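> give me the fold of what follows.
(chains A and B)
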Amino acid sequence: DVKVTQSSRYLVKRTGEKVFLECVQDMDHENMFWYRQDPGLGLRLIYFSYDVKMKEKGDIPEGYSVSREKKERFSLILESASTNQTSMYLCASRHQVQDEQFFGPGTRLTVL
Amino acid sequence: AQSVAQPEDQVNVAEGNPLTVKCTYSVSGNPYLFWYVQYPNRGLQFLLKYITGDNLVKGSYGFEAEFNKSQTSFHLKKPSALVSDSALYFCAVRDRNYGQNFVFGPGTRLSVLP
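Numbers count the residues shown, from 1 in each chain, chains lettered A, B, ... in the order given. Below you'll find the model as predicted:
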């Protein structure tokens, strides 16, 4: 089975802090994604990556950056956390020729 | 542009009754369609997908969905609901002619009452 893991289930940070969210997948998938999930809005794509060192902006990239130095790892970075970035963050991966995405358990981030 | 609508925020159904969770979509090309389920404090789990072929697709946990091209719909169904089916359900679409991105609907919360 595909396994996607995220470094933290719950995280509390203060406004202005730099925040790192880590995601690791164990199935050699080329594509990886970061979403945020908010009530009534569903999942919104922040960034995605087709391969190592490649990244593309999603629908809501402002305030975020990403890093993909190794194929299995995709990091989401909040350069200066703000209260409006309090949300559930979901990582997903997908093989280049498959269709469905596989999701991690999510990180619930609270910015105070 | 791609979009997905789930017109019901909440669906309530009695255990043992059939359930339907509605989804309509909009894409410029041909769609790939998906249903995911999310249990409390968990990530999304894949239920089923429509890529091509038979319009009725069967997935995990006894769920099925019917692709209707003329109505641009992909409703999720189950003949007999279980209390354990209570969860948040997301419909998603990918335009097969437009990159790798998925667009997700806002989600529908299903409550199955004992």
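
> any regions of chain A where pLDDT drops low?
Low-confidence regions of chain A, defined by pLDDT under 70, span residues A:1-2.

> what parts of it come near chain B?
Taking Cβ under 8 Å from any Cβ of the partner chain as the measure of proximity, chain A contacts chain B at A:4, A:9, A:31, A:33, A:35, A:40-45, A:48, A:50, A:58, A:90, A:92, A:94, A:99-106, A:108. Any C-beta I mention is one placed from the backbone N, CA and C, and that applies to glycine too.

> how about 6 Å then?
Taking Cβ under 6 Å from any Cβ of the partner chain as the criterion, chain A approaches chain B at residues A:N31, A:G40, A:G42, A:L43, A:L90, A:D99, A:E100, A:F103, A:G104, A:P105, A:G106.

> residue closest to the middle of chain A?
Note on chain A: the residue nearest the mean C-alpha position is A:W34, at 3.0 Å, using Cα atoms, centre = their mean.

> got a list of what it touches?
By Cβ atoms under 6 Å, 6 or more residues apart in numbering or on different chains, the contact list for A:W34 reads A:I46, A:Y47, A:L76, A:C91.

> who does it form a beta bridge with?
Beta-bridge partners for A:W34, by DSSP bridges, are A:Y47, A:C91.

> sorry, back to before: tell me the one of the contacts of A:W34 nearest chain B?
Ranked by distance to chain B (Cβ to the nearest Cβ), the contacts of A:W34 are led by A:C91 at 8.2 Å.

> quick one: contacts for the closest one?
Listed by Cβ under 6 Å, 6+ apart, the contact partners of A:C91 are A:V4, A:Q6, A:C23, A:W34, A:G104.

> burial count for the third one?
Using other Cβ atoms under 10 Å in any protein chain shown, the number of residues around A:C23 comes to 26.

> equivalent analysis for the second one, please.
Taking other Cβ under 10 Å as the criterion, the count of residues near A:Q6 is 20.

> ranking by neighbours, what's the top pick from the contacts of A:W34?
For the contacts of A:W34, the largest number of neighbours (other Cβ under 10 Å) sits with A:C91, at 28 neighbours.

> around chain A, which positions in chain B sit nearby?
B:Y32, B:R42, B:G43, B:L44, B:F46, B:K49, B:I51, B:Q100, B:F104, B:G105, B:P106, B:G107.

> does the last one really touch A:L41, like I thought?
No. Taking contacts as Cβ atoms under 6 Å, B:G107 lies outside contact range of A:L41: 8.7 Å.
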